[in-house]
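Participant: Show me how the following folds:
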Amino acid sequence: MNCVYDKMIHTTRQLEWGKCTDSQVNEFLSQSRKFKSDLNESVKSLRNDLNICVLNKDNFAGLSENEKFREYQKKFKEWLDAFTDKLKDDTGGKSDFEDSSKNPGPKTELEYWRKRLQNITALSEQLKSEDFNTVKEYLKKQKP
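Facilitator: Predicted structure coming up:
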């Protein structure tokens, strides 16, 4: 969209629009920008750029079982704290929502909740990661 259509649409001369009025051209350009923005946001939501649960297994290779258990516990707590920070409602998107205007309206609120859903989905994917499950299963087995 960015490389082909966007450039083509926005560099088209007035004569090439044929019988379209200026308001029709402007409406089309506005809608194409909105479509491009929505498309980019959809692609962004599919990418998972969040990497909270990363485990370098080489760091645990020479440790005794007790040391490994303590290190895994620390790592697990670190991950859970990062999840908690990411989920806090009083940070990130909420302040953007409140600062947008005195009466933000439904569009702003929908944007806020869309961003929240993206964050929750990204965190959910982290819970499915191999490193997270390795630590979780190890700690489960070690519990008395």
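Participant: Going by C-alpha atoms from here, please, whenever you check contacts or count neighbours.
Facilitator: Noted.
Participant: helix or strand for residue 112, which one?
Facilitator: Per DSSP states H and E, residue 112 falls inside helix 105-127.
Participant: do the same with residue 134
Facilitator: helix 130-142.
Participant: per-domain residue ranges of the protein.
Facilitator: The chain breaks down by automatic domain parsing into domains covering 1-47, 52-144.
Participant: now the shortest one: mean pLDDT?
Facilitator: For domain 1-47, the per-residue pLDDT values average out at 79.
Participant: again, but for stretch 58-65
Facilitator: 87.
Participant: For this protein, which segments count as strands?
Facilitator: For the chain, no strands turn up when DSSP state E is the criterion.
Participant: Check the burial of residue 58 by counting its neighbours.
Facilitator: Neighbourhood size, residue 58 [other Cα atoms under 10 Å]: 7.
Participant: For residue 68, see how far away it is.
Facilitator: Noted for residue 58: a distance of 12 Å to residue 68, by Cα to Cα, to the nearest Å.
Participant: Please apply the same query to residue 9.
Facilitator: Residue 9 is 59 Å from residue 68, by Cα to Cα.
Participant: if I look at residue 133, how far off is residue 23?
Facilitator: 56 Å.
Participant: where does stretch 4-16 sit relative to the chain's centre, distance-wise?
Facilitator: Mean C-alpha position of stretch 4-16 versus that of the full chain (Cα atoms, centre = their mean, to the nearest Å) differs by 32 Å.
Participant: outside of that stretch, which residues touch it?
Facilitator: By Cα atoms under 8 Å, 6 or more residues apart in numbering, the residues outside stretch 4-16 that reach it are 29, 32.
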